[in-house]
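> below are the sequence and a predicted model; questions follow.
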Amino acid sequence: MMRLLIGIAAGYVLGTRAGRARYEQISRATKAVATSPATKKVLQVSRQKLSDSLSTQPKLEPMKPLDEETTILVPQDQLKKK
């Protein structure tokens, strides 16, 4: 508990010494990074990869067409076992 209070006090002192100008500079830099197209693209790609890896729906592969309109689909993990 004492370490937490010392950390908060040190952060407060250092923050007040840096002043408002430094705060504004850090704030502008943070907003520039957050709104950059590159950052948005990285977030979009990483969210899609995470979504794909957490998907509970099995990926289906065509196994054998029965006729012109009907195809049997089998989960990919079952195809790998055979």
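That came through, no problem. Residues are numbered from 1 along each chain as shown.
> most distant residue from the centre of the protein?
The centre of the chain is farthest from one residue, residue 67, which by C-alpha atoms, centre = their mean lies 42.6 Å away.
> looking at this, it is in a strand?
No - Residue 67: not assigned to a strand; according to DSSP: H, G, I helix; E, B strand; the rest coil it is coil.
> so where's this structure uncertain?
With pLDDT under 70 as the threshold, the chain has low-confidence stretches at 57-64, 74-82.
> helices of that one, start to end?
Taking DSSP state H, the helices of the chain run over residues 2-35, 37-54, 76-81.
> quick revisit: so who does the residue farthest from the centre of the chain touch?
Shown in contact with residue 67 (C-beta atoms under 8 Å, 6 or more residues apart in numbering): no residues. Where C-beta positions appear, they are placed from N, C-alpha and C, glycine not excepted.
> make 894 the first number, not 1, from now on.
Shifting the count to begin at 894 puts that one at residue 960.
> look up how far residue 966 lies from it.
Counting by C-beta to C-beta, to the nearest Å, the separation of residue 960 from residue 966 is 15 Å.
> swap in residue 894?
Counting by C-beta to C-beta, the gap from residue 894 to residue 966 is 59 Å.
> these two: which is more packed in?
For residue 894 and residue 966, the more surrounded residue by other C-beta atoms under 10 Å is residue 966, and the numbers stand at 11 against 5.
> what are the bridge partners for that one, then?
residue 955 (DSSP bridges).
> next, count neighbours for residue 918.
Applying other C-beta under 10 Å, we find 12 residues neighbouring residue 918.
> oh sorry, the question was meant for residue 907
10.
> before we move on, what about residue 946?
Close neighbours of residue 946, defined as other C-beta under 10 Å, add up to 7.
> I appreciate the help and will end here.
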